[in-house]
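> everything below, folded, please.
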Amino acid sequence: MKKELELLLEQLEDLKHPSVVEEQYSTPPPLAAELLTIAYLHGDIANRVVYDLGSGNGILAIGAKLLGAKRAVGIERDSHAVEVARRNSQKLDVAVEFIICDVRAVHDKCDTVVMNPPFGAQRASRHADRVFLKKALEIAHVVYSIHNAGSEQFLRQFVQPATVTRFPASFKLKRRFWFHKKDKINMPVDMYRIVAP
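From the prediction side, this is the model:
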């Protein structure tokens, strides 16, 4: 199942002009497939309402729908990214809703949030990960999120008393911005399953 999902997600168009300020790093298909498979095996995708906060090119929302989400919604404030995401959902013939808005404006409830939030590495996006985590736990009982390796202590403190399970992974990052020195790197990351009390 994971490999089949990964092959489908590899067909998706990436953002042509990503924003460094917004830290627009599209989730690589192998990582997206891994996160979504874990969520699926925990019963958090099939027949559930799944929101993808900061959906970018739509990969997580589209993958959730491919795995049987009752409803998949992508939240993204970049209208150009939403155009790409809508084309991607049409390409794979899945019905995913994409809403152009800031994550702070979301008030609907859902079953599960899947997200690859900004890590907060750029000055303009410092603490953006906190905004995403806070909102995710406001709207869902279960959250799957990708963060820099080494963030576990912060994350556990920030989301307490939620239950946290960590899944080490690798983010295969292609040269995307002018300051990247190599064509490709494997950046260690952690995926988390966060369950609200």
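> report the separation between Lys91 and Glu10.
Distance, Lys91 to Glu10, by C-beta to C-beta, to the nearest Å: 12 Å. Where C-beta positions appear, they are placed from N, C-alpha and C, glycine not excepted.
> not counting sequence-adjacent ones, nearest residue to Val189?
With sequence-adjacent residues excluded and distances taken as C-beta to C-beta, 6 or more residues apart in numbering, Val189 is closest to Phe171, at 4.6 Å.
> for Arg104, see how far away that neighbour is.
Distance from Phe171 to Arg104, by C-beta to C-beta: 25 Å.
> can you pull up the bridge partners for the residue most central in space within the chain?
Relative to the mean C-alpha position of the chain, the nearest C-alpha, by C-alpha atoms, centre = their mean, is the one of Met115, at 2.4 Å. Taking DSSP bridges as the rule, Met115 bridges to Leu53, Ser145.
> my read is that it contacts Val131, right?
No: look at Met115 against Val131 with C-beta atoms under 8 Å: they stay out of range, at 11.1 Å.
> find the residues that touch each one of those two.
With C-beta atoms under 8 Å, 6 or more residues apart in numbering applied, the contact sets of Met115 and Val131 do not overlap.
> looking at Phe171 and Arg104, which is more packed in?
Phe171 (20 against 12; other C-beta atoms under 10 Å).
> hey, where'd the helices end up in the protein?
2-9, 29-41, 59-66, 79-91, 128-139, 152-159 (DSSP state H).
> return the most buried member of those.
helix 59-66 (a mean of 29; mean count of other C-beta atoms under 10 Å).
> how far out from the middle of the chain is that helix?
10 Å (C-alpha atoms, centre = their mean, to the nearest Å).
> what's that helix in contact with?
5, 8-9, 12, 26-27, 29, 32-33, 35-36, 39, 45, 50-52, 55, 72-74, 85, 88-89, 92, 94-96, 98, 112, 114-116.
> picking that back up, out of the helices of the chain, which gets nearest to Lys16?
Among the helices of the chain, helix 79-91 comes nearest to Lys16, with 7.7 Å by C-beta to C-beta.
> so what secondary structure elements neighbour that closest one?
Secondary-structure packing of helix 79-91 (3 or more C-beta pairs under 8 Å, 6 or more residues apart in numbering; DSSP states H and E): helix 59-66, strand 71-76, strand 97-100.
> all good on my end, thank you.
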